[in-house]
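*Asks:* My questions are about this predicted structure, shown below with the sequence.
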Amino acid sequence: QVQLVESGGGLVQAGGSLRLSCAASGRTFRMNVMGWFRQAPGKEREFVAYINWIGGWTNYVDSVKGRFTISRVSAKNTVYLQMNSLKPEDTAVYYCAAAYALNPRGQYEYDYWGQGTQVTVSS
């Protein structure tokens, strides 16, 4: 089992920044990828970004490229999502997730999930 705990959400004005953290514990050595998803009210859960735990390569949804950066600190078993130039449409609950798969962009490819953290961007 893998446990994931997110932190760092909050309220920010448009154009501002937030950094989300996701601390992983348990049997993390089998995980290949850590990712972030988000879900706005009335919408489907959406892939945001992932990072390969060993190689460090990343993948982003087009709408956040150039604004969001995913990174990890292996020694801390922690993944970060630095979010800059935030827009009102980024408002959502953000979820951290872990996957055994190598290139998982769909939510059903992820095996473990955190509880989510709210990000609200005011205009």
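*Replies:* Thanks, I have it. Residues are numbered from 1 along each chain as shown.
*Asks:* got the residue ranges for the strands in the chain?
*Replies:* Applying DSSP state E to the chain gives strands spanning 2-7, 10-13, 18-26, 33-39, 46-52, 58-60, 68-73, 78-83, 92-99, 112-113, 117-122.
*Asks:* Closest to the centroid, which residue in this structure?
*Replies:* The structure's the chain has its C-alpha centroid closest to W36; by C-alpha atoms, centre = their mean the separation is 2.2 Å.
*Asks:* Run a quick neighbour tally on the residue lying closest to that residue once chain neighbours are set aside.
*Replies:* Leaving aside its chain neighbours, W36 sits nearest to V48 (4.3 Å; criterion: C-beta to C-beta, 6 or more residues apart in numbering). In short, each C-beta sits where N, CA and C put it, glycine included. Using other C-beta atoms under 10 Å, V48 is surrounded by 23 other residues.
*Asks:* wait, V48 sits on F37?
*Replies:* Yes: under the contact definition of C-beta atoms under 8 Å, V48 touches F37, with a separation of 5.9 Å.
*Asks:* who touches both of the two?
*Replies:* Residues touching both V48 and F37 (C-beta atoms under 8 Å, 6 or more residues apart in numbering): Y94.
*Asks:* re the thing from before, correct me, but the residue nearest to the centre of the chain touches A97?
*Replies:* Yes: taking C-beta under 8 Å as the contact criterion, W36 and A97 are neighbours in contact, 7.4 Å apart.
*Asks:* CSV for the strands of the chain, including mean pLDDT?
*Replies:* Supplementary listing: the strands of the chain in CSV, determined by pLDDT from 0 to 100:
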stretch, mean pLDDT
strand 2-7, 95
strand 10-13, 98
strand 18-26, 96
strand 33-39, 97
strand 46-52, 96
strand 58-60, 96
strand 68-73, 97
strand 78-83, 98
strand 92-99, 97
strand 112-113, 96
strand 117-122, 98
